[in-house]
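K.L.:
The following block contains a protein sequence and its predicted model.
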Amino acid sequence: MVHDMTRQAGWQAWLEGGAADEITLRENEAAWQRLRLRPRVLRGLDGSHLRCRVGARTLPHPVFVAPMAHQAALHPQAEAGCAVAAAALGAGFVLSCQSSTPMEDIARLYLADAGRGALWCQLHWLHTREASLAYLQRAADAGFEAGVLTLDAPVQGFRDRERASGFVLTLGTGSVNLPSSPAHTLIDLLAAAPTWADLAWLVQRSPLPLWLKGALHPQDAVLAAEHGASGLIVSNHGARQLDTVLATADALPDVAAANRQRLALMVDGGVRRGTDVLKALALGAQAVLVGRPVARALAADGAQGVARALRQLLDELTIAMALCGLRQPSQAAEAAAAGDFFAPFHANASHSRL
Ligand SMILES: Cc1cc2nc3c(=O)[nH]c(=O)nc-3n(C[C@H](O)[C@H](O)[C@H](O)COP(=O)(O)O)c2cc1C
């Protein structure tokens, strides 16, 4: 049953659209698709599983639900539907700070499931150091296990498709966990944009390990490690911020090389198939986040839709691993390092060294 969203004019444009001409939006998916697999055979598949290490944790599998704002615009179950389905499927769940559900309610629902993955909370820089720290403290008190600071959205990207659609948030879809913002103009936002010094301040005081989300440059991975971050999510915000930035599949290898395993790495953007997840692991990520496919499933059928979408992705991953001769996710990076995994002469020359 499709929930009646006609009252939310333009919600599809808001969900599906990217920045400007959507060049990176298309590239995010195309870059995974360009990579060609070169499987090994007869290696034995007994004892295969999806368990993996992400940072210090062992998780049921390497798939997280990405933080996505205003899920009440998609379905009445909103973040609660998404979180319950993620927990039931063992997926990690990252709650957007622009959630329309109180974070304590989400924590109660998600943490009640014994088979759950990891529960993290995302925040944008909340204009001051103290407000950002207070948000992390509230999340820690509620039971969240890590914070994710989004770096690529000090101002919002210019989204033509969304603007043309006339999308506006309606009553009940606002950000209930956030303090009221002191920033009202673009100049206010620019003045409040954080720096590496702000990050170091926050990391030192944060009650939660802090991941950074939204870097593409290898040097920023080095700086993130130097400033005490726990992990880095290679992301371009699902191509919603700056059009023509490089696809995350193309950014990940250089970031992983510069990182030299100092930080835990994850990636998102255009991950649609089990083969995409496997390629991300082979390129150096410990896990992936999935955005729009989960949001579409929530819009179509609430928690059940999300559960089905995650189930299919995990089944695809299981099958892709088996057909590549891999018994566990960590073997993907080993296979790539041994030159086993990617075909050497695929279209994207930047990966030909693998
Ligand atoms: C509708 C929508 C809302 C989003 N809201 C947030 C957000 O509040 N915070 C954030 O860090 N990223 C946000 N993102 C970006 C996602 O976390 C993620 O980086 C991206 O969706 C991954 O790409 P994919 O949609 O191609 O899987 C949002 C993405 C979408 C599609």
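P.N.:
Nice, thanks for sending it over.

K.L.:
How confident was the prediction at the one residue in the stretch 201-350 of the chain that gets nearest to the ligand?
P.N.:
The minimum distance from the stretch 201-350 of the chain to the ligand, using Cβ to the nearest ligand atom, falls at G291 (2.3 Å). In short, each C-beta sits where N, CA and C put it, glycine included. In the predicted model, G291 carries a pLDDT score of 98.

K.L.:
Which residue is the nearest non-sequential neighbour of it?
P.N.:
Spatially, and ignoring its direct neighbours in sequence, G291 is nearest to A66 (4.0 Å; Cβ to Cβ, 6 or more residues apart in numbering).

K.L.:
so what's the backbone phi/psi at that neighbour?
P.N.:
When read as degrees, to the nearest 10, the backbone of A66 gives phi -70, psi 150.

K.L.:
need the strands for the stretch 201-350 of the chain, in chain order.
P.N.:
Taking DSSP state E, counting those that start in this stretch as the criterion, the stretch 201-350 of the chain contains strands spanning 210-215, 231-234, 264-268, 287-290.

K.L.:
Check the stretch 1-150 of the chain too.
P.N.:
Taking DSSP E, counting those that start in this stretch to define them, one finds strands in the stretch 1-150 of the chain at 52-54, 57-59, 63-65, 92-95, 119-123, 146-150.

K.L.:
Show residues contacting the fourth one.
P.N.:
Read it as strand 92-95. Residues from elsewhere that reach strand 92-95, judged by Cβ atoms under 8 Å, 6 or more residues apart in numbering: 54, 59, 63-67, 79, 82-83, 86-87, 103, 106, 110, 117-122, 144, 148, 287, 289.

K.L.:
Close to the ligand: what parts of this protein are there?
P.N.:
By Cβ under 6 Å from any ligand atom, the part of the chain that sits against the ligand consists of 15, 28, 66-69, 96, 98, 122, 150, 213, 235, 237-238, 240, 268-271, 290-292, 295.

K.L.:
Those in helices, which ones?
P.N.:
Where the residues of the chain next to the ligand overlap with helices, as defined by DSSP state H, the overlap consists of L15, N28, R292, A295.

K.L.:
residue contacts, the third one?
P.N.:
Put plainly, it is R292. With contact set as Cβ under 8 Å, 6+ apart, R292 has these partners: L15, E16, G238.

K.L.:
swap in the second one?
P.N.:
Shown in contact with N28 (Cβ under 8 Å, 6+ apart): N236, G238, A239, A247, T248, A249, G269, G270.

K.L.:
burial count for the residue of the stretch 201-350 of the chain closest to the ligand?
P.N.:
A count of nearby residues for G291, using other Cβ atoms under 10 Å, gives 21.

K.L.:
The one 10 residues further on too?
P.N.:
Burial of D301 is recorded as 20 neighbouring residues (other Cβ under 10 Å).

K.L.:
got the CA positions of stretch 80-93 in CSV?
P.N.:
Taking C-alpha atoms only, stretch 80-93 is exported to CSV below (Å, rounded to 0.1, in the frame of the first residue of the first chain):
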residue,chain,number,x,y,z
ALA,A,80,10.7,4.4,13.7
GLY,A,81,9.7,2.2,10.8
CYS,A,82,13.1,2.4,9.3
ALA,A,83,14.9,1.7,12.6
VAL,A,84,12.8,-1.3,13.5
ALA,A,85,13.4,-2.9,10.1
ALA,A,86,17.1,-2.1,10.2
ALA,A,87,17.4,-3.7,13.7
ALA,A,88,15.5,-6.8,12.6
LEU,A,89,17.8,-7.3,9.7
GLY,A,90,20.9,-6.6,11.7
ALA,A,91,21.7,-3.5,9.7
GLY,A,92,23.4,-0.5,11.3
PHE,A,93,21.1,2.6,11.6
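
K.L.:
what's the offset of it from the middle of its chain?
P.N.:
Chain-centre distance of stretch 80-93: 14 Å, with Cα atoms, centre = their mean, to the nearest Å.

K.L.:
my guess is A343 meets R36, correct?
P.N.:
Yes: at 4.0 Å, A343 counts as touching R36 under the criterion of Cβ atoms under 8 Å.

K.L.:
now the helices for the stretch 101-250 of the chain?
P.N.:
Along the stretch 101-250 of the chain, the segments classed as helices by DSSP state H, counting those that start in this stretch run 103-111, 129-142, 160-165, 186-192, 196-205, 218-226, 248-259.
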